[in-house]
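In: My questions concern the predicted model and sequence given below.
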There are 2 protein chains.
Amino acid sequence: MPELSSHFRQVTPYVPGIQPAPSPDLIKLNTNENPYPPSPAVKEALSRTSAERLRLYPSPEAEPLGETIGAHFGLSSSQIFTGNGSDEVLALAFLAFFADGKPVYFPDVTYSFYEVWADLFSIPFEKKRLGDDLRMVASDYAGAPGGIVFPNPNAPTGICEPLSFIEEILTANRDVCVIVDEAYIDFGGKSAISLIGKYDNLLVVQTFSKSRSLAGMRIGFAAGAKGLIERLKDVKYSFNSYTMSRVSIDVGCAAVKDHAYFEETREKIIHTRERMERALAALEFEFPQSQANFLFVRHPRIDAAVLYGALLEKKIYVRHFDAERTRDYLRITVGTDEETDVLLKFLTEYLKGR
Amino acid sequence: MPELSSHFRQVTPYVPGIQPAPSPDLIKLNTNENPYPPSPAVKEALSRTSAERLRLYPSPEAEPLGETIGAHFGLSSSQIFTGNGSDEVLALAFLAFFADGKPVYFPDVTYSFYEVWADLFSIPFEKKRLGDDLRMVASDYAGAPGGIVFPNPNAPTGICEPLSFIEEILTANRDVCVIVDEAYIDFGGKSAISLIGKYDNLLVVQTFSKSRSLAGMRIGFAAGAKGLIERLKDVKYSFNSYTMSRVSIDVGCAAVKDHAYFEETREKIIHTRERMERALAALEFEFPQSQANFLFVRHPRIDAAVLYGALLEKKIYVRHFDAERTRDYLRITVGTDEETDVLLKFLTEYLKGR
């Protein structure tokens, strides 16, 4: 008799950052959450949601969320696809668009979930090596046989490429789907959403988890040509008819509509990041210029794993990726000014005499 | 240059029932929603959820929801897997357990999403014909090469099999995963959850959408041996780290804990179903005895598609599945007593002189 588990899929799951139990003296800079609460309109939407109507299925199209996001970007709802966090949107996009058995290209240092999805869905892939400056080389991606996916800004480097770079890749790959994962675009970069009218093979994915302070609500979306979005919806309807709860839809709409709050919070984060960059440079840390809500830093005299442990002892959580090209670095989320002060004070003390 | 879409996955999506815009004169008996609102504790949980903490990712394990469900059934949280509706739970279970390329068995008349998931994940399958009494034949499922999935009660027939039937299938298939989809079990059947200590190949899936009036919130779960649940979690962590929002977790816990309300609502629905059965029988409708919150009815003198249209004209929504073995039937959800009265009054008038 065969083992029961011989029928099961072999996978190596993605490992998210630690989610420690809340504690007042803990500083959580490890999963790139927004240090500020969501818009007050979110609180209002939560209290306005009808508990009674939760007995009914939500809109399978997750309307009016698609319309609201579309209107925000000057697009129609037929160019928007919403999902249960951008991870679900990306997973379904992998399943929909990378399905012909040909290799998909992504960077060797990037969001490590890409490799996990590729394995889960048996999609072959090739990793393209970042340059020594940790930047993608556009020409490496020309003629990708099965498609392309990369984050912009890239994670964990924080480096953002200009739209001319995205266009170079799109032009050299007109016959495959190119997914640009813009989880961190709102912290300084230029979104490729402006290019979707020009390129029918471009899918741009964004999340409400970072710039809209809604990691706990699970809302992500994709923008693209109507043809791409229709195919993505077909795959979604083959997976789960209703992925967005009535509460997610209400809360998501409220968050998009409060544009003033969104601008205010991201300005604060950019400001803190710039202050953090100056202070870390003065402490001799090295890092590429970030346009995300995190910095990817190393120090010429300090072992990153040792520093990670020292920070953890002080309940300062950051992220260390123990792989060949990343193990010299720590990825540190931009927190509030107060959290940043505690971090910088600790690092200043720690470096004394080293 | 190849067509862009030549790289895309070919799918035929599941088609959910119509979700018409709310209207006071509309009677919605087409997607098996609960006619009663969720527990008052759900409203309280919604208003208690901290909007501020939505900036943080939820528990990746969706705790304390797993613990709460486990405690309710006398199980540990390591025997519970939660997901974004039972459709997500089932989709991930297909991906996890039906992965060796061998055919999976399910009934020919059943939840039509099974075939859609099998196609999406390239899982071969064989449909086993229900008997002329619309019942599954247990011996047909012996020695299933790749696994088994079926609903109990079956949908759209409403027929519930006893635990001895489930055990016969489990005993004859010890080396593959057997998924029992109990979306409708709370309306009169006996749950196979009591068998999971005895069979390490049994996965029982339930939903909060029907008996707990939370279709709009998207909460489902699976119960099974620790080994099965671990594999399912690995696949989930390879798809989406956080599938349950902070609000889903809070609302789900509140719903499970209000056992009195749960008992009260399901008793009301069972009572209305029995009244509806008597009235429909008096009108010469034929139907198998249902232990679900719907009836699967046909009439010897009336074409089901024509009756479907006549009901729709009166804004009474029911479901008609236009396939070989189902097209003579309508599936009608058990609504409130008032909704049932309107339905019965219409049918009585309609049948006069036919």
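Out: Perfect, I can see it now.

In: doesn't residue A:90 make contact with residue A:117?
Out: Yes. With contact defined as C-beta atoms under 8 Å, residue A:117 and residue A:90 form a contacting pair (6.8 Å). In short, each C-beta sits where N, CA and C put it, glycine included.

In: Give me the neighbour count for residue A:167.
Out: 16 (other C-beta atoms under 10 Å in any protein chain shown).

In: Which helix or strand contains it?
Out: Element membership for residue A:167 (DSSP states H and E) is helix A:163-171.

In: Over to the residue of the stretch 151-300 of chain A found nearest chain B: give its phi and psi.
Out: When scored by C-beta to the nearest C-beta, the stretch 151-300 of chain A has residue A:237 as its residue closest to chain B, at 3.4 Å. The phi and psi torsions at residue A:237 (degrees, to the nearest 10) take the values phi -70, psi -10.

In: tell me the contacts of it?
Out: A:60, B:13, B:14, B:15, B:16 (C-beta atoms under 8 Å, 6 or more residues apart in numbering or on different chains).

In: can you do 10 Å?
Out: A:60, A:61, A:243, B:11, B:12, B:13, B:14, B:15, B:16, B:113, B:116, B:120 (C-beta atoms under 10 Å, 6 or more residues apart in numbering or on different chains).

In: which stretches of chain A form strands?
Out: A:27-28, A:80-83, A:104-107, A:125-128, A:147-151, A:178-181, A:202-207, A:220-224, A:294-297, A:316-317, A:330-333 (DSSP state E).

In: What's the local residue count around residue A:145?
Out: Residue A:145: 16 neighbours (other C-beta under 10 Å).

In: Check residue A:92 too.
Out: Using other C-beta under 10 Å, residue A:92 has 26 neighbouring residues.

In: Check residue A:6 too.
Out: Counted with other C-beta under 10 Å, residue A:6 comes out at 10.

In: any common contacting residues for residue A:117 and residue A:90?
Out: Shared contacts of residue A:117 and residue A:90, defined by C-beta under 10 Å, 6+ apart, comprise A:111, A:149, B:239, B:240.

In: want to throw the strands of chain A into JSON lines with distance to residue B:37?
Out: JSON lines is the format used below for these (distance: least, C-beta to C-beta, whole Å):
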{"stretch": "strand A:27-28", "distance to residue B:37": "37"}
{"stretch": "strand A:80-83", "distance to residue B:37": "26"}
{"stretch": "strand A:104-107", "distance to residue B:37": "46"}
{"stretch": "strand A:125-128", "distance to residue B:37": "48"}
{"stretch": "strand A:147-151", "distance to residue B:37": "42"}
{"stretch": "strand A:178-181", "distance to residue B:37": "39"}
{"stretch": "strand A:202-207", "distance to residue B:37": "32"}
{"stretch": "strand A:220-224", "distance to residue B:37": "29"}
{"stretch": "strand A:294-297", "distance to residue B:37": "43"}
{"stretch": "strand A:316-317", "distance to residue B:37": "41"}
{"stretch": "strand A:330-333", "distance to residue B:37": "40"}
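
In: can you tell which of these is closest to residue B:198?
Out: The minimum distance between residue B:198 and the strands of chain A falls on strand A:80-83, with 38.1 Å, by C-beta to C-beta.

In: That closest one pairs with which strands, parallel or anti?
Out: Using DSSP bridges, the strands paired with strand A:80-83 in its sheet are strand A:220-224 (antiparallel).

In: hey, C-alpha coordinates of the partner strand in CSV?
Out: Listed next in CSV are the C-alpha coordinates belonging to strand A:220-224 (Å, rounded to 0.1, in the frame of the first residue of the first chain):
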residue,chain,number,x,y,z
GLY,A,220,-4.5,44.1,-3.4
PHE,A,221,-5.3,44.8,-7.0
ALA,A,222,-4.0,44.6,-10.6
ALA,A,223,-4.4,47.1,-13.4
GLY,A,224,-4.0,46.1,-17.0
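
In: mean confidence score for it?
Out: Strand A:220-224 shows a mean pLDDT of 98.

In: Please apply the same query to stretch A:105-119.
Out: Averaging pLDDT along stretch A:105-119 yields 97.

In: ok so, going back, could the strands of chain A be laid out in CSV, adding mean neighbour count?
Out: Output for these, formatted as CSV (neighbours: other C-beta atoms under 10 Å in any protein chain shown):
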stretch, mean neighbour count
strand A:27-28, 22
strand A:80-83, 26
strand A:104-107, 24
strand A:125-128, 16
strand A:147-151, 25
strand A:178-181, 27
strand A:202-207, 25
strand A:220-224, 26
strand A:294-297, 26
strand A:316-317, 21
strand A:330-333, 26
